[in-house]
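1. pasted the sequence and its predicted model underneath.
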Amino acid sequence: MSQVRRTVAADLGHYDVAVLGGGNAALSAALTARQAGASVIVIECAPRHFRGGNSRHTRNLRCAHAAPTDVLTDTYPEDELMADLMRVNDGETDEALARLVVAGSTGCPDWMKSFGARFQSSLRGTLHLSRTNAFFLGGGTALMNSYYAAAERLGIAVLYDAEVVDLDLREGAFRSVLSGYNAERAELMNGELQSQSVRYRLIELEDRLGDQLALQHEASQEQLFLPFEISPGVIIPVGHYSFQATRVSGGTADQRKVWVSAALQDGGFYSGDRTEVYGGINWRPSGRFRTSLDYTFNDIELPEGDFVTRLVQFSTEVAFSSTLS
Ligand SMILES: Cc1cc2nc3c(=O)[nH]c(=O)nc-3n(C[C@H](O)[C@H](O)[C@H](O)COP(=O)(O)OP(=O)(O)OC[C@H]3O[C@@H](n4cnc5c(N)ncnc54)[C@H](O)[C@@H]3O)c2cc1C
């Protein structure tokens, strides 16, 4: 069997909003953005006759309502819908987001109707759902056809047969650029300095996906009241130490299944110098399981003696219930 992939290098520069995918979520986003005045393109990997993703197979929409409507009987309070949602998801839900969706669900049928969707009463055998679920006349295919027709009417561009395999973000690639500082000072009961550190966060960049890159500079002071054996045979004498170090660190976003982080620090350390190299990899195949492997290497050069440290850490977390913490 051979596979043919057509590559479309779409120049999205002309559009305010590019929506990737062409199902219910995508078309709802596209129509909302267009309604707000943005120019929009929808990029769907399926051919035109297969458009609409899984949304084509849907039959109904669950929505809260405080009184009977033209498509729903009785009432379905928001709290009840929220509880149903938590139950079917076994609690694995972003609660704030879920509440927003539940609250928004009350206005969904009217919003959908404004883009051509039509509803019908519950099908035979599903009458018990007439209170909670609004059924689409003609099913999900008819719903998606209405949305695509509305998109066409509103001038939303649609690209079919176009699988998005990569995004080349040239402008506005960084979501946030931060700088600032953190300071800590520990004193003895008599007010004498024990330790102090000021970390200057010179620049911290985070892109739209959550990947991060940071440059920091730390100025530290330590007061040793007793000789400190930092490594076998290497003793730092009593005294006041002032040293500075620079750290570059970065990592991919922890929303991925696999994410990595790394750091390099170089600078002073008590009476000498230290270079630290750190690398870590995390794997989270599900919301209940996470495992990570970290490696930290330190090369320390002091007048009192040189030494290296290597630390490997492996940890695994299993959440037996996502609702208890
Ligand atoms: C048989 C069945 C029946 C269901 N019935 C119901 C129901 O009655 N009520 C209900 O609420 N839910 C139902 N669901 C669940 C519902 O289908 C989904 O929750 C919903 O469709 C998700 O909408 P979506 O827009 O996120 O995804 P989809 O509708 O699946 O849309 C994703 C779109 O993205 C496109 N796409 C994916 N990757 C790329 C890419 N790289 N580049 C370009 N395009 C891409 C796909 O072609 C597709 O069009 C049902 C699901 C199934 C399978």
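-> In hand now; what should we look at? What you are looking at is a predicted structure, and each value in this text was computed from that prediction instead of being measured.
2. wait, doesn't residue 226 sit right on residue 238?
-> Yes: with contact defined as C-beta atoms under 8 Å, residue 226 counts as touching residue 238 (6.5 Å). C-beta: built from backbone N, CA, C; applies to glycine.
3. more neighbours, those two?
-> Between residue 226 and residue 238, residue 238 has the larger neighbour count (other C-beta atoms under 10 Å), namely 10 against 7.
4. tell me the contacts of the more buried one?
-> Residues near residue 238 by C-beta atoms under 8 Å, 6 or more residues apart in numbering: 224-227.
5. rerun at 6 Å
-> For residue 238, the contact set (C-beta atoms under 6 Å, 6 or more residues apart in numbering) comprises 224, 227.
6. next, work out how far apart it and the ligand are.
-> 63 Å (C-beta to the nearest ligand atom, to the nearest Å).
7. swap in residue 142?
-> Relative to the ligand, and taking C-beta to the nearest ligand atom, residue 142 is found at 13 Å.
8. so for the host helix or strand of that residue, what gets flagged as buried?
-> Element membership for residue 142 (DSSP states H and E) is helix 139-153. Buried residues in helix 139-153, counted by 16 or more other C-beta atoms under 10 Å: 139-140, 143-148, 150-151.
9. same thing with stretch 107-118?
-> For stretch 107-118, the buried set under the neighbour-count rule, 16+ other C-beta under 10 Å, comprises 108-109, 112, 115, 117.
10. and stretch 263-280, by the same measure?
-> 263, 265, 267-270, 272-276, 278, 280.
11. what count of nearby residues applies to the residue of the stretch 201-325 of the chain found nearest the ligand?
-> Closest approach between the stretch 201-325 of the chain and the ligand, counting by C-beta to the nearest ligand atom: residue 209, at 15.1 Å. For residue 209, the neighbour count with other C-beta under 10 Å is 14.
12. heads up, I number from 498, so please use that
-> From this message on, residue numbering opens at 498, which makes the last subject residue 706.
13. need phi/psi at it.
-> Main-chain dihedrals, residue 706, degrees, to the nearest 10: phi -90, psi -10.
14. so which residues on this protein come close to the ligand?
-> When proximity is defined as C-beta under 6 Å from any ligand atom, the chain approaches the ligand at 517-523, 540-543, 549-552, 554-558, 660-661.
15. which of those residues count as buried?
-> Burial by neighbour count, 16+ other C-beta under 10 Å: within these this picks out 518-521, 523, 540-543, 549-550, 552, 555-558.
16. and the pLDDT at the residue nearest to residue 752 when sequence neighbours are not counted?
-> Nearest residue to residue 752, sequence neighbours excluded (C-beta to C-beta, 6 or more residues apart in numbering): residue 707, at 5.7 Å. Looking at residue 707, its pLDDT is 78.
17. how about residue 571?
-> 92.
18. could you look up the SS state of it?
-> Recorded secondary structure, residue 571: coil (DSSP: H, G, I helix; E, B strand; the rest coil).
19. quickly find the element holding the most centrally placed residue in the chain.
-> Nearest to the geometric centre of the chain sits residue 752, at 4.5 Å (C-alpha atoms, centre = their mean). Per DSSP H and E, residue 752 falls between elements, in no helix or strand.
20. need the pLDDT of it.
-> 71.
21. name the next helix or strand following the helix or strand bottoming out on mean pLDDT in the chain along the chain.
-> For the chain, using mean pLDDT, DSSP states H and E, the weakest element among its helices and strands is strand 671-684, scoring a mean of 74. Following strand 671-684 in sequence order, the next helix or strand is strand 690-704 (DSSP H and E).
22. neighbouring strands of that next one in the sheet, and parallel or not?
-> strand 671-684 (antiparallel), strand 709-721 (antiparallel) (DSSP bridges).
23. in a markdown table: the buried residues of helix 636-650, plus pLDDT.
-> Below are those laid out as a markdown table (pLDDT from 0 to 100):
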| residue | pLDDT |
| --- | --- |
| 636 | 95 |
| 637 | 97 |
| 640 | 97 |
| 641 | 98 |
| 642 | 97 |
| 643 | 97 |
| 644 | 98 |
| 645 | 97 |
| 647 | 96 |
| 648 | 96 |
